[in-house]
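**Student:** this is a predicted model, with the sequence first.
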Amino acid sequence: MLRHRTFGIVFLAAWTACGARLFTIQLEDSAVVVIEEATLLEEAIGDLGFGDLLDVDIAQSEELANQGVEPGDIREVYLTDFVLAATDPEGADLSFLDRVDIVVSAPGLPEQVIATADAFPEGLAQVDFELEDVDLTEYVVAESMTLTTDATGRRPPDDTTVRADFVIDVGVTGRGACNQTKGDR
């Protein structure tokens, strides 16, 4: 009887560790872009020059690979923090912006706004974005995923370096952790 009870406990522990439980891996990253000062033409057409501020490939992340996680192990993905900061020149702020949306897209999936900021007071160099409750899993495991900025405003009076800091929580099955453990033996 004791033997069956021990087997049951071991089986339950292995099942929980290798598939039933979700582990969260937090990915932190930054992206930097220089917004060039306004020319007369750009002031007229309103081009801000954010371009490809964000280039993120979560499914191929080295941090996930180091944990033994494969795309099939990913169960939920959420943006949990997004901050935009003017870092140069000294004293720069983000008041040249009116609104910035962070948009996710992938082939065959609808574009979705996942973060927004629409208040950039003068003198404020850093702004925290409001986050939408969007599970990004389908986008992350698609053949490609793109995060873009949709910004309105005007170019700053001087070249301004802007840094985006963001945190993405990736919920994965225990299988990746089990694969990593098995490989260590």
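**Tutor:** It's in.
**Student:** mind giving me the packing neighbours of the helix or strand containing Val77?
**Tutor:** Element membership for Val77, per DSSP states H and E: strand 74-88. On a contact count with 3 or more C-beta pairs under 8 Å, 6 or more residues apart in numbering; DSSP states H and E, strand 74-88 meets strand 22-35, strand 97-106, strand 109-117, strand 126-128, strand 130-131, helix 137-140, strand 160-173. In short, each C-beta sits where N, CA and C put it, glycine included.
**Student:** what's the model's confidence in the fifth one, averaged?
**Tutor:** It refers to strand 130-131. Mean pLDDT, computed over strand 130-131, is 98.
**Student:** pairing partners for that strand, with directions?
**Tutor:** Strand 130-131 has the following strand partners under DSSP bridges: strand 109-117 (antiparallel).
**Student:** returning to that earlier point: list the neighbouring strands of the strand holding Val77 plus their orientation.
**Tutor:** Partners of strand 74-88 in its sheet, by DSSP bridges: strand 126-128 (antiparallel), strand 160-173 (antiparallel).
**Student:** minimum distance to Leu22: which of these has it?
**Tutor:** In terms of C-beta to C-beta, the element of the strands paired with strand 74-88 nearest to Leu22 is strand 160-173, at 4.6 Å.
**Student:** what's the angle from the closest one to strand 97-106?
**Tutor:** 40 degrees (axes from the mean of the first three to the mean of the last three C-alpha atoms, to 10 degrees).
**Student:** my guess is Val100 contacts Ala117. True?
**Tutor:** Yes. With contact defined as C-beta atoms under 8 Å, Val100 and Ala117 form a contacting pair (5.3 Å).
**Student:** quick revisit: highest mean neighbour count out of the strands paired with strand 74-88?
**Tutor:** strand 160-173 (a mean of 19; mean count of other C-beta atoms under 10 Å).
**Student:** next, the angle strand 22-35 makes with that strand.
**Tutor:** Going by the same axes, to 10 degrees, strand 160-173 makes 170 degrees with strand 22-35.
**Student:** quick one: mean pLDDT over strand 160-173.
**Tutor:** On average, strand 160-173 scores 89.
**Student:** mind listing the residues bridging to the residue lying closest to Asp29 once chain neighbours are set aside?
**Tutor:** Spatial nearest neighbour of Asp29, excluding adjacent residues (C-beta to C-beta, 6 or more residues apart in numbering): Phe166 at 6.1 Å. In this entry, Phe166 is beta-bridged to Asp29, Phe82, by DSSP bridges.
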